[in-house]
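> this one's structure only:
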């Protein structure tokens, strides 16, 4: 029993090292590809369940439901890429505290629409969320362009609208989809599902 427990512990440590190495490699690819804002959906993307904006558990309970691979990606990215959570949930304070454990400067935008001064964008999906974040960053001198943004979202329509507005998008169905970031970014010939989508020029 002791040997079995030690073996299990060793395997878990090896998996954790593999997650960290993969996350660091993926972040390096994003940095080299010019991505400066990583916009992440929360339900069914960062989080393994759909809370429907009605999560009743504790902060610890919610933290335990985050995908480990996403947590490692956030940790690896946060010193080099701005992290934002773009969600339809109104539980923004709770989400901010949970994701903020891995990236203290995380910006959270919630609800179905956010205030933005940009009237030229397609106001569908997560576009008002993303542009609200861009406007906040601009106030501190960080003026980012749409093609410096990558949205990761489990809803294809949200990714489509991001691409339509000039950003990159990754449709997330499982943590295996993150393997799309193992290749140089952006990929030369992206497919739509489970892969990085190029902005529409």
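Nice, I can see it. These figures come from a predicted structure and were not determined experimentally.
> buried sites along whichever strand or helix holds residue 161?
Using DSSP states H and E, residue 161 falls within helix 156-164. Residues of helix 156-164 classed as buried by neighbour count (16 or more other Cβ atoms under 10 Å): 158, 159, 160, 161, 162, 163, 164. C-beta here means a position set from N, CA and C on the backbone, and glycine is covered the same way.
> Relative to residue 48, which of these is nearest.
Within the set of the buried residues of helix 156-164, residue 158 lies nearest residue 48; the separation is 18.2 Å, counting by Cβ to Cβ.
> surely the closest one meets residue 126?
Yes: taking contacts as Cβ atoms under 8 Å, residue 158 lies within contact range of residue 126: 5.0 Å.
> for the buried residues of helix 156-164, which one is nearest residue 12?
Residue 12 lies nearest to residue 159 out of the buried residues of helix 156-164, by Cβ to Cβ, at 32.5 Å.
> gap between that closest one and residue 170?
Separation of residue 159 from residue 170 (Cβ to Cβ, to the nearest Å): 7 Å.
> Residue 64 too?
Here residue 64 is placed at a distance of 24 Å from residue 170 (Cβ to Cβ).
> With neighbour numbers in mind, choose between these two.
Higher neighbour count among residue 64 and residue 170: residue 170, with 22 against 11, using other Cβ atoms under 10 Å.
> where does this structure dip in pLDDT?
In the predicted model, the chain carries pLDDT under 70 at residues 1-6, 120-122, 187-198, 200-201.
> hang on, residue 169 in a helix?
No: membership of residue 169 in a helix is not supported by DSSP: H, G, I helix; E, B strand; the rest coil, which gives strand.
> Tell me who's in contact with it.
Shown in contact with residue 169 (Cβ atoms under 8 Å, 6 or more residues apart in numbering): 150, 151, 152, 153, 158, 159, 160, 162, 163, 196, 197.
> one more time with 6 Å, if that's ok
Residue 169 sits next to 151, 159, 162, 163, 197 when contact means Cβ atoms under 6 Å, 6 or more residues apart in numbering.
> Throw those residues into a markdown table and include distance to residue 57, thanks.
As requested, the contacts of residue 169 are exported to a markdown table (distance: Cβ to Cβ, whole Å):
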| residue | distance to residue 57 |
| --- | --- |
| 151 | 27 |
| 159 | 29 |
| 162 | 30 |
| 163 | 34 |
| 197 | 34 |
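> What's the separation between residue 158 and residue 22?
24 Å.
> Which residue lies nearest the spatial centre of this structure?
With the centre of the chain defined as its mean C-alpha position, the nearest residue by Cα atoms, centre = their mean is residue 40, 2.7 Å away.
> Do a quick rundown of the helices in the chain.
Along the chain, the segments classed as helices by DSSP state H run 2-32, 59-63, 68-77, 92-100, 127-139, 156-164.
> For residue 49, which of those is the nearest?
Residue 49 lies closest, by Cβ to Cβ, to one member of the helices of the chain: helix 59-63, at 9.3 Å.
> Mind giving me the packing neighbours of that closest one?
Based on contacts counted as 3 or more Cβ pairs under 6 Å, 6 or more residues apart in numbering; DSSP states H and E, the elements that helix 59-63 packs against are helix 92-100.
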